[in-house]
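[1] Sequence first, then the predicted structure:
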Number of protein chains: 2
Amino acid sequence: MHSKWNQQYARRMKRITSSAIREILKLTDQPDIISFAGGLPAPEVFPVEEIALACQHVLDNYGPKALQYSTTEGYPPLRELLAKRASKPGFNVTPDNILITTGSQQGLDLLGKIFINPGDTILVETPTYLGALQAWNAYEPEYLMAPMDDDGLIIDGLEDYFRTSPKFMYVLPTFQNPTGVTLSLKRRHELVKKADEYGIPLLEDDPYGALRFEGEHLPSIIELDGLLRQEEGAYDGNAIYLGTFSKILAPGFRLGWTVAPYEVIKKLVQVKQGADLHTPTFNQMVAYELLADGTIDRHIKLIQNIYRERRDLMLKTLAETCPECVRWTQPQGGLFLWITLPEGHDTNEVLKQTVERKCAFVPGSPFHPNGSGLNTMRLNFSNATPEQIVTGITCLGEVLRDVTK
Amino acid sequence: MHSKWNQQYARRMKRITSSAIREILKLTDQPDIISFAGGLPAPEVFPVEEIALACQHVLDNYGPKALQYSTTEGYPPLRELLAKRASKPGFNVTPDNILITTGSQQGLDLLGKIFINPGDTILVETPTYLGALQAWNAYEPEYLMAPMDDDGLIIDGLEDYFRTSPKFMYVLPTFQNPTGVTLSLKRRHELVKKADEYGIPLLEDDPYGALRFEGEHLPSIIELDGLLRQEEGAYDGNAIYLGTFSKILAPGFRLGWTVAPYEVIKKLVQVKQGADLHTPTFNQMVAYELLADGTIDRHIKLIQNIYRERRDLMLKTLAETCPECVRWTQPQGGLFLWITLPEGHDTNEVLKQTVERKCAFVPGSPFHPNGSGLNTMRLNFSNATPEQIVTGITCLGEVLRDVTK
């Protein structure tokens, strides 16, 4: 018997297309599969004991407060600390510039809710973070796709896109999801300058910025924008920044934050109130303790080392097993690298073969708003163990040699 | 200097009206004020120790899992337990009927996102929960307002509203927010039958159902709908139910759940993935432990007694201090009661006077989508201590005597 909701009531619900990647991830959820598909941190090194101590501390000292409703903006000491950590001379982030969100994913959704009307144009990098597209598709925008190379977003020609006046541009400048590529400092300056010139807000998503394994730290887009302006008061520029505790502490806490001009934060607070009232008080207070006492900074150092080793091993195994016609990125940090097959190949077909051999990745096409990128794929190197990386990549290499011969 | 975002960029952001109640609650946030304004549980009786033990247990036994990303649907054992607790012979709730949300507020938002197109009509009780209006206003519906009396929603005449084919009807049948009124059993049966007849989905919001101080437990709308159908398989009827841990455990955990036909849950999962990926894994696992080991059921008994005493004291003090022309509801449970002044009075003006005397409540008008109800107000009796209730209500009584004389 078919569901009544499938028939009689279907017209009541909006058409929301099912996520391709969701189905793939379900497939790869089998315990015996080696998966490079998700974007998961290494769970075996989560700072479980430190978190347990912080939970105890928060409940012992602030129990009633930690368990009660709290303000939509977020836990004030956490907002203060995040503001302080973000600020630089000439770039003043105040707590009023900060909203705590339920993961940075919620920041994407709330920004979609306040900015996007059906038919609005959003300018994105190609490829881009699939979860952003998913969050925004509910608001029915059109996407304009700007090309990238190994130095990130290509600035040359960007003005043509800016001239069409998109609602905002979405960028992941550092260890991009999905490519692992980083926008060079020179291009960061150019991007900030041009966006300001054309009055196009820049939405900077930075989940991985702290996870640099090599090379020099690069300033964020919002920081460069602030420095360009040298405002005396609180940041009131052209950029919006999304940060998250998911990669530097634990995704199971669902904690992120948005840095933006106060006028934007005010709107976000209004829609967040309707969306979930506020982010869990307890989680915010625990994260505050761990950020304030240095646990998170120590943990970042630990995972930088672990992820570096895994990336190195993945790059080495790829070099050893993949055919010459296959190319991949050389990320300096983050969680992902990106593989490109010769044109004409379809990584969905490759996936079918690797899954049969108990190894999985994400095909690149869902990261392209127009469904292109069939010959690409994303590999995660943070979640699998070194043994799994060798076994899985060797398997992938064999399949790739087979399909490209 | 005015913000650039206020001027140049204002047109980029949607018009989202500021919440009146938000401003009021800020006003009442001063520490020396006695506030009956919020909907806050009594923080001094939160089961802090039990929660601390559960946190420790979860981290000791399932640390990496509790801190990792998890499925959008929610923690499977929690969904199973909630399904089991909801099921009755003839009303089969399966885990597939359950989505864990970031507070039941998120359930409201996600339902708005999948159901409401601009201009759609939503049928609501008058007055109704302000947070639902706030969540849905982002999707630009129109509201149709059905009247209530002391037995809840008036069924007589409801067919006229149903005939206009609203997208769904939103009801809070038990200890309603804001009125504290409960829909009688007879009317529940009638509502379920008529809604089915006209094919109008019923969205039942039930944050307070477990907090009954007196009288007999009444079956939920979704349960009655299930029983009417006597489906053999999983529930696939006409109703959607929102539950929450905020009132029976702690709001600072931001945990709620939605019970709905699987086809609805599927859509909700799709949009929830874009909204915040999933509800915090850790919080879900802690709540599961406390629900499974009986802590939550014990806690419910404790707060039933405490809230009953506070309600009794508030009712007694109102009777002693208010003028005869003022009427109020007699809630059998929940957190709120509702006061009606003679027509022509404006409780916004009353609030100004009580705030001067350090006592606050919420004027009733924001609970009416059309801004009516100027002569009404909501009082919360769960959060203030008995001493504060006597002092605050005595003050309110004096002001009411003064303004109505």
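    Right, received. Where do you want to start?
[2] any bit of the biggest helix by length in chain A sitting next to chain B?
    Taking DSSP state H as the criterion, chain A has its longest helix at helix A:295-321. No - Helix A:295-321 does not reach chain B (CB under 8 Å from any CB of the partner chain); its nearest approach is 11.4 Å. Placement of C-beta: from N, CA and C, glycine included.
[3] got the buried residues for that helix?
    A:295-296, A:299-300, A:303-304, A:306-308, A:310-311, A:313-315, A:317-318, A:321 (16 or more other CB atoms under 10 Å in any protein chain shown).
[4] do the same with stretch A:192-206
    Those would be A:Val192, A:Lys194, A:Ala195, A:Asp196, A:Tyr198, A:Ile200, A:Pro201, A:Leu202, A:Leu203, A:Glu204, A:Asp205, A:Asp206, for stretch A:192-206 by 16+ other CB under 10 Å.
[5] That one vs chain B: in contact?
    Yes - against chain B, stretch A:192-206 shows contacts by CB under 8 Å from any CB at A:Gly199, A:Pro201.
[6] Quote the end-to-end distance of that stretch.
    16 Å (CA to CA, to the nearest Å).
[7] Doesn't A:Glu125 lie inside a strand?
    Yes - according to DSSP: H, G, I helix; E, B strand; the rest coil, A:Glu125 belongs to a strand.
[8] does it have beta-bridge partners, and which?
    Counting by DSSP bridges, A:Glu125 is bridged to A:Ala146.
[9] Now for it: which residues touch it?
    A:Met145, A:Ala146, A:Met148, A:Gly152, A:Leu153, A:Tyr170, A:Val171, A:Leu172, A:Gln176 (CB atoms under 8 Å, 6 or more residues apart in numbering or on different chains).
[10] how close does A:Phe381 sit to A:Pro43?
    15 Å (CB to CB, to the nearest Å).
[11] between these two, who's got more neighbours?
    Neighbours per residue, other CB atoms under 10 Å in any protein chain shown: of A:Phe381 and A:Pro43, the larger number sits with A:Phe381, 24 against 18.
[12] if I read this right, the more buried one contacts A:Glu309, doesn't it?
    No - if you go by CB atoms under 8 Å, A:Phe381 and A:Glu309 don't touch, sitting 9.4 Å apart.
[13] Just the strands from chain A, written as ranges.
    Ranges of strands in chain A, per DSSP state E, are A:34-35, A:98-101, A:121-126, A:142-149, A:152-153, A:168-171, A:202-205, A:239-244, A:256-259, A:327-328, A:336-340, A:359-360, A:362-363, A:376-380.
[14] can you put the ones you listed in CSV and add mean pLDDT?
    What follows is those, written out as CSV (pLDDT from 0 to 100):
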stretch, mean pLDDT
strand A:34-35, 94
strand A:98-101, 98
strand A:121-126, 98
strand A:142-149, 97
strand A:152-153, 98
strand A:168-171, 98
strand A:202-205, 98
strand A:239-244, 98
strand A:256-259, 98
strand A:327-328, 98
strand A:336-340, 98
strand A:359-360, 95
strand A:362-363, 94
strand A:376-380, 98
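[15] Any idea which of those gets closest to B:Asn61?
    Nearest of the strands of chain A to B:Asn61, taken as CB to CB: strand A:34-35 at 24.0 Å.
[16] quick one: strands adjacent to the closest one?
    Strand A:34-35 has these strand partners (DSSP bridges): strand A:359-360 (parallel).
[17] so which of the strands of chain A comes closest to B:Trp136?
    Across those, closest to B:Trp136 is strand A:98-101 (CB to CB), at 20.5 Å.
[18] so what strands line up beside that closest one?
    When DSSP bridges is applied, strand A:98-101 pairs with strand A:256-259 (antiparallel).
[19] who touches A:Cys262 in this structure?
    Not Cys; residue A:262 is Tyr. Contacts of A:Tyr262 by CB under 8 Å, 6+ apart are A:Asp96, A:Asn97, A:Ala234, A:Asp236, B:Ser3, B:Trp5.
[20] Rebuild those residues as JSON lines, extending it with distance to B:Pro251 and neighbour count.
    Formatted as JSON lines, the contacts of A:Tyr262 follow (distance: CB to CB, whole Å; neighbours: other CB atoms under 10 Å in any protein chain shown):
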{"residue": "A:Asp96", "distance to B:Pro251": "24", "neighbour count": "16"}
{"residue": "A:Asn97", "distance to B:Pro251": "26", "neighbour count": "27"}
{"residue": "A:Ala234", "distance to B:Pro251": "30", "neighbour count": "17"}
{"residue": "A:Asp236", "distance to B:Pro251": "33", "neighbour count": "21"}
{"residue": "B:Ser3", "distance to B:Pro251": "33", "neighbour count": "17"}
{"residue": "B:Trp5", "distance to B:Pro251": "31", "neighbour count": "22"}
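[21] Looking at those, which is nearest A:Asp225?
    A:Asp236 (10.2 Å).
[22] and that closest one, backbone torsions?
    Here is the backbone geometry of A:Asp236 (degrees, to the nearest 10): phi -140, psi 40.
[23] hang on, it packs against B:Trp5?
    Yes - contact criterion CB under 8 Å: A:Asp236 and B:Trp5 qualify, at 6.7 Å.
[24] Quickly list what's touching both of the two.
    A:Pro261, A:Tyr262, A:Glu263.
[25] Any chance of TSV for those, columns pLDDT?
    Output for the shared contacts of A:Asp236 and B:Trp5, formatted as TSV (pLDDT from 0 to 100):
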residue	pLDDT
A:Pro261	97
A:Tyr262	96
A:Glu263	95
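[26] Please report the distance of the residue of the stretch 301-405 of chain A at minimum distance from chain B from B:Asp297.
    Closest contact between the stretch 301-405 of chain A and chain B, by CB to the nearest CB, is at A:Asn383 (9.3 Å). Using CB to CB, we find A:Asn383 at a distance of 38 Å from B:Asp297.
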